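1. model this:
(2 chains)
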Amino acid sequence: MSGARFEVLVPPPAEGGTRARLGRLELAHGVVETPQFMPVGTNATVKALHPDDLDEVGASIILANTYHLYLRPGHERIRNLGGLHRFMSWDGPILTDSGGFQVVSLSDLRVVDDDGVTFRSHLDGSVHRFTPEHAIEVQEALGSDIAVAFDQPVTPSSSWDVVADATARTHRWAERSLAAHDRPDQALFGIVQGGLEPDLRAESVRFIASLPFDGICLGGLAGDETPEQREATLDLAIPLLDDDPRPRYLMGLGSPADLLEAVHRGVDLFDSVLPARVARTGQLWVPGGRINIRNTRYQDDPEPIQADCPCLACRRFSRAYLAHLFRAKELLAYRLATCHNLTFTLDFMARIRSALRTSTFPAILPELRLRAGRVHDGEASVQSA
RNA sequence: GGGUAGGUUGAGCAGGUGGUGAGCUCAGCUGACUGUAAAUCAGCCGCCUUCGGCUGUAGAGGUUCGAUUCCUCUCCUGCCCA
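-> Predicted coordinates:
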């Protein structure tokens, strides 16, 4: 392949009990420092944001969705208009998700067989078929920096047999994706599945890592499993990749606590809708937890969301103003809140990279954990920054 | 002053033409959200000691076993006429 060049700048220390590492990923449209978080722009836009806002929050790579863009506006149309970067006016790197996740998120609209998946469009009910070859073709038309192999995720409640079946299918589809991929300026990542089953997960890591992908995605860990189950799965999977020179991408996790624990275990890349989605409902991330800006107590609060935050919202607006915008359902609310949460997230990743660069990560891990809170538990909720 | 239509839980309504009115939409309160069918969804939203109980249909009387419903008077609102 080689639409990508990955280099580990600071490997994990021999002593220190962490697999966290600092890296650098070179892609067709730019360099991505890792560990890194990718904001999600499913429909060729990060909801509520202008591309200038993406620069502003510090995004260096974003994710877009193959399935959604295939359905609307259509990958051929995007190709004819000069590709996804030009279409959405974002010059930085883009990773396209293969559409495999829609196999679970649109579970009542599809039928899986060994060759591929037949979907009914969530937009108009029309019938479409995705195969590994088709998913690659669409991603090549879009022209993303990183394409991803078509997979079949499972949910934590799936039985061993179902997980085994889906994982085996994902492996066959991985080989077919590689065979179909033909664009030298585009990287291709493969996806590890295996659910929470230790034997299947380990087998999947070994199999996917045996193929000449540019990066390794860890899938199926953004569902209803507990943080402990996720972390246990990472503790199992990552050591199997210790001698592997490629970037590791944990798909779909984005709470600060999840990011930190996964970096600690050796993950380089992340994406999640969480910070942006949660922002649109008024949950704003601050050191130690989060606040719900819609709560009554913020209506008269003249302070910014977070005192030391450099984001578009915190630079010049009060909590009271944000509270008002949300109550009035004003569009600016969604933009400001999304800017804040993405700024918080990307700044958090920058702090982690800074610690890795200076080899102080193990030392400041407790401090970073405090900053992250246990947001994924719905536990820590602080009242003021 | 006469006529007429009305007065239902913060707002707006539905319903109820003698037999258990707490139903809807807003507003409000709280929570959830992780490779986006999500500016969405869920719970609460008269009072209490809440697996239940109580109160409540403008007010006061009356008829009746029983009244939100029928009768009388009063108050309030819209419209029409003087």
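2. Get me the contact residues on the stretch 151-300 of chain A for RNA strand B.
-> A:151, A:153, A:191, A:193, A:217, A:219-220, A:222, A:227, A:251-255, A:258, A:271-274, A:276-278, A:280-283, A:292, A:294-297, A:299 (CB under 7 Å from any atom of the strand). (Glycine included, C-beta is placed from N, CA and C.)
3. how does it look with 6 Å?
-> Residues of the stretch 151-300 of chain A that fall close to RNA strand B, judged by CB under 6 Å from any atom of the strand: A:151, A:153, A:191, A:219-220, A:222, A:251-255, A:258, A:271-274, A:276-278, A:280-281, A:283, A:292, A:294-296.
4. And those, which of them are buried?
-> A:151, A:153, A:191, A:219-220, A:222, A:251-255, A:258, A:271-274, A:276, A:278, A:280, A:283, A:294 (16 or more other CB atoms under 10 Å).
5. which stretches of the stretch 251-385 of chain A form helices?
-> A:256-264, A:274-280, A:312-316, A:319-327, A:331-357, A:361-372 (DSSP state H, counting those that start in this stretch).
6. which other helices and strands contact the first one?
-> If I follow you right, that is helix A:256-264. helix A:227-237, helix A:331-357, helix A:361-372 (3 or more CB pairs under 8 Å, 6 or more residues apart in numbering; DSSP states H and E).
7. Show me how far whatever helix or strand comes next after the shortest one is from its chain's centre.
-> Next helix or strand after helix A:227-237 toward the C-terminus (DSSP states H and E): strand A:248-250. Taking CA atoms, centre = their mean, to the nearest Å, the mean C-alpha location of strand A:248-250 is offset from the chain mean by 9 Å.
8. Buried residues in strand A:248-250, which are they?
-> Buried, per 16+ other CB under 10 Å, within strand A:248-250: A:R248, A:Y249, A:L250.
9. try stretch A:178-195
-> A:178, A:180-181, A:183, A:186-195.
10. Return the closest of these with respect to RNA strand B.
-> Proximity of the buried residues of stretch A:178-195 to RNA strand B was ranked by CB to the nearest atom of the strand; the top entry is A:I191 with 4.8 Å.
11. Specify the local secondary structure of the closest one.
-> Following DSSP: H, G, I helix; E, B strand; the rest coil, A:I191 is assigned to strand.
12. Name the spans of the stretch 251-385 of chain A whose pLDDT lies under the cut-off.
-> Across the stretch 251-385 of chain A, the ranges flagged by pLDDT under 70 are A:374-385.
13. neighbours around the closest residue to A:L365 other than its chain neighbours, how many?
-> Leaving aside its chain neighbours, A:L365 sits nearest to A:H264 (6.7 Å; criterion: CB to CB, 6 or more residues apart in numbering). If you count neighbours by other CB atoms under 10 Å, A:H264 ends up with 22.
14. ok, A:H264 touching A:A20?
-> Yes. Counting by CB atoms under 8 Å, A:H264 does reach A:A20; the two are 5.3 Å apart.
15. got the phi/psi numbers for A:F119?
-> Here is the backbone geometry of A:F119 (degrees, to the nearest 10): phi -110, psi 150.
16. how near is it to A:A64?
-> Between A:F119 and A:A64 the distance, using CB to CB, to the nearest Å, works out to 18 Å.
17. Give me the more crowded residue out of these two.
-> The residue with more neighbours, out of A:F119 and A:A64, is A:A64; 26 against 22, by other CB under 10 Å.
18. Secondary structure of that one: a helix, I assume?
-> No. The assignment for A:A64, made by three-state DSSP, is strand rather than a helix.
19. elements contacting the helix or strand A:V111 falls within?
-> Assigned by DSSP H and E, A:V111 falls within strand A:110-112. Under the contact criterion of 3+ CB pairs under 8 Å, 6+ apart, strand A:110-112 touches helix A:102-105, strand A:117-120.
20. how about the most centrally placed residue in chain A, what does it touch?
-> Nearest to the mean C-alpha position of chain A, by CA atoms, centre = their mean, lies A:D271 at 0.9 Å. By CB atoms under 8 Å, 6 or more residues apart in numbering, the contact list for A:D271 reads A:F37, A:M38, A:P39, A:V40, A:L63, A:L95, A:D97, A:Y249, A:M251, A:G252, A:G254.
21. switch the cut-off to 6 Å
-> A:M38, A:V40, A:L63 (CB atoms under 6 Å, 6 or more residues apart in numbering).
22. Equivalent analysis for A:P39, please.
-> A:V46, A:A59, A:I62, A:L342.
23. Recalculate using a threshold of 8 Å.
-> Counted by CB under 8 Å, 6+ apart, A:P39 has contacts A:V46, A:L54, A:V57, A:A59, A:I62, A:L63, A:D271, A:P275, A:A276, A:L342.
24. Between these, identify the one with the most neighbours.
-> A:P275 (29 neighbours).
25. tell me, how many neighbours does the closest residue to that one other than its chain neighbours end up with?
-> Nearest non-adjacent residue to A:P275, counting by CB to CB, 6+ apart: A:N341, 3.9 Å away. When neighbours are counted by other CB under 10 Å, A:N341 registers 28.
26. quick one: A:N341 and RNA strand B, what's the gap?
-> Relative to RNA strand B, A:N341 is positioned 10 Å away (CB to the nearest atom of the strand, to the nearest Å).
27. for A:E76, same thing?
-> 21 Å.
28. Could you do A:A232 as well?
-> Using CB to the nearest atom of the strand, A:A232 is found at 15 Å from RNA strand B.
29. what does A:H29 give?
-> A:H29 is 19 Å from RNA strand B, by CB to the nearest atom of the strand.
30. so who does the closest residue to that residue other than its chain neighbours touch?
-> Closest residue in space to A:H29, ignoring its immediate chain neighbours: A:P93 at 4.7 Å, by CB to CB, 6+ apart. Counting by CB under 8 Å, 6+ apart, A:P93 touches A:L27, A:A28, A:H29, A:G30, A:V32, A:S60, A:I61, A:I62, A:D145, A:I146.
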